[in-house]
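Engineer: no FASTA, just this:
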């Protein structure tokens, strides 16, 4: 019987894995934690591997998989920046992702974050708990329908984000390296990221992390924002220079930010840190900042997404085992 090693499975995902195993007549081996050089040996004797990785996969892991005769790793997320694709390719390991699992979930969360910032929900909660129920300018909100929203990245998620913002009556502009006709139903393309941020009242990111966009949104980029603008990042933490963002907020270069990801989040998300605390001083500054609404990488986290991510990851693993390839491959072998 075909056997798949399934790393990093949360308790809520176990029923999904068991149902998939039964429906596909495939044995699954549940392995605690993400893939590391210390636990990769547990995949030996298996035919394939899937994981939900948010830490780097060292080269020796690919070498071990090759030694075991395993031909792939199925990442259970859209992002795959934790993998050295060149090292994987060198060892004939196919890396796949879950390119689309519920773009609506992330798009709706981006709307939620924007509305919370515009309507000053955090400030209202603080004052309400203090018993201060006065109407005052500090908690007076803006109207989304009167604003311009800039969408950076107009793939599956970005297009739905643009559609939803347009439904609120906002003017939507955008930028993508590869513009598409579908997106033009909802937004007007601009020639550069800089052109978008200079005009937008809200800037929302929906792009993958690449070597080219590392810290693309740094202090110099934030200097080009309107001082009344809000910044949303539901993409990848590495795209944002956290130090630069905090400096821009402290200097009033932008009004506020909602972040669902942090560039060095790996040790902390998704983990219960209540007893251990946060050792990362930069992360703690971010968490404590009054102008930042931070959530722990949960924009995708809905019933539909949890089910689709696990099933598609397992499907991709089995597809490689049966056919030698998968439509969700992200590297070339």
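Structural biologist: That came through fine. The shown structure was predicted, so the numbers you read here are calculated from the model rather than taken from an experiment. Residues are numbered from 1 along each chain as shown.

Engineer: Quick check, central residue of this protein?
Structural biologist: Note on the chain: the residue nearest the mean C-alpha position is residue 235, at 4.2 Å, using CA atoms, centre = their mean.

Engineer: Name the nearest residue to that residue, sequence neighbours excluded.
Structural biologist: residue 205 (4.2 Å; CB to CB, 6 or more residues apart in numbering). Backbone N, C-alpha and C define where each C-beta goes, glycine included.

Engineer: same question, residue 120
Structural biologist: residue 139 (4.7 Å).

Engineer: Tell me how this protein divides into domains.
Structural biologist: Domain segmentation of the chain under automatic domain parsing yields 3-101+303-323, 103-294.

Engineer: Switch those domains over to a markdown table; also include mean pLDDT and distance to residue 329.
Structural biologist: Below are the domains of the chain laid out as a markdown table (pLDDT from 0 to 100; distance: least, CB to CB, whole Å):
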| stretch | mean pLDDT | distance to residue 329 |
| --- | --- | --- |
| domain 3-101+303-323 | 97 | 5 |
| domain 103-294 | 97 | 15 |
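
Engineer: is it possible to export these to CSV including distance to residue 330?
Structural biologist: Listed next are the domains of the chain as CSV, based on distance: least, CB to CB, whole Å:
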stretch, distance to residue 330
domain 3-101+303-323, 5
domain 103-294, 10
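
Engineer: that older thread, could you grab the helix/strand/coil label for the residue nearest to the centre of the chain?
Structural biologist: coil (DSSP: H, G, I helix; E, B strand; the rest coil).

Engineer: wait, what's in contact with the residue of the chain positioned farthest from its centre?
Structural biologist: Largest separation from the mean C-alpha position in the chain: residue 134, at 37.6 Å (CA atoms, centre = their mean). The contact partners of residue 134, by CB atoms under 8 Å, 6 or more residues apart in numbering, come to residue 127.

Engineer: how close does it sit to residue 115?
Structural biologist: 22 Å (CB to CB, to the nearest Å).

Engineer: What of residue 276?
Structural biologist: 33 Å.

Engineer: swap in residue 48?
Structural biologist: 42 Å.

Engineer: Other residues contacting the longest helix along the chain?
Structural biologist: If you go by DSSP state H, the chain has its longest helix at helix 303-323. Contact partners of helix 303-323, identified using CB under 8 Å, 6+ apart, comprise 2, 4, 6, 12-13, 16-17, 20, 24, 26, 28, 47-50, 52, 71-72, 74-77, 94, 96, 98, 101-102, 104-105, 300, 325-328.

Engineer: So for residue 276 and residue 115, which residue has more residues nearby?
Structural biologist: residue 115 (15 against 10; other CB atoms under 10 Å).

Engineer: does the more buried one belong to a helix or a strand, and which?
Structural biologist: helix 103-118 (DSSP states H and E).

Engineer: where's the helix or strand that that helix is followed by relative to the chain centroid, distance-wise?
Structural biologist: The helix or strand immediately downstream of helix 103-118 is helix 121-130, counting by DSSP H and E. Its chain's C-alpha centre and that of helix 121-130 lie 28 Å apart, by CA atoms, centre = their mean, to the nearest Å.

Engineer: now for the helix holding residue 115, which elements pack on it?
Structural biologist: Judged by 3 or more CB pairs under 8 Å, 6 or more residues apart in numbering; DSSP states H and E, helix 103-118 is in contact with helix 156-167, strand 202-205, strand 230-233, strand 256-259, strand 292-294, helix 303-323.

Engineer: Rebuild the ones you listed as JSON lines, extending it with mean neighbour count.
Structural biologist: Output for those, formatted as JSON lines (neighbours: other CB atoms under 10 Å):
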{"stretch": "helix 156-167", "mean neighbour count": "23"}
{"stretch": "strand 202-205", "mean neighbour count": "27"}
{"stretch": "strand 230-233", "mean neighbour count": "27"}
{"stretch": "strand 256-259", "mean neighbour count": "24"}
{"stretch": "strand 292-294", "mean neighbour count": "19"}
{"stretch": "helix 303-323", "mean neighbour count": "20"}
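
Engineer: can you list the ones you listed in a markdown table and add distance to residue 285?
Structural biologist: Below are these laid out as a markdown table (distance: least, CB to CB, whole Å):
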| stretch | distance to residue 285 |
| --- | --- |
| helix 156-167 | 28 |
| strand 202-205 | 20 |
| strand 230-233 | 16 |
| strand 256-259 | 12 |
| strand 292-294 | 9 |
| helix 303-323 | 30 |
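
Engineer: so which of the ones you listed gets nearest residue 250?
Structural biologist: strand 292-294 (11.0 Å; CB to CB).
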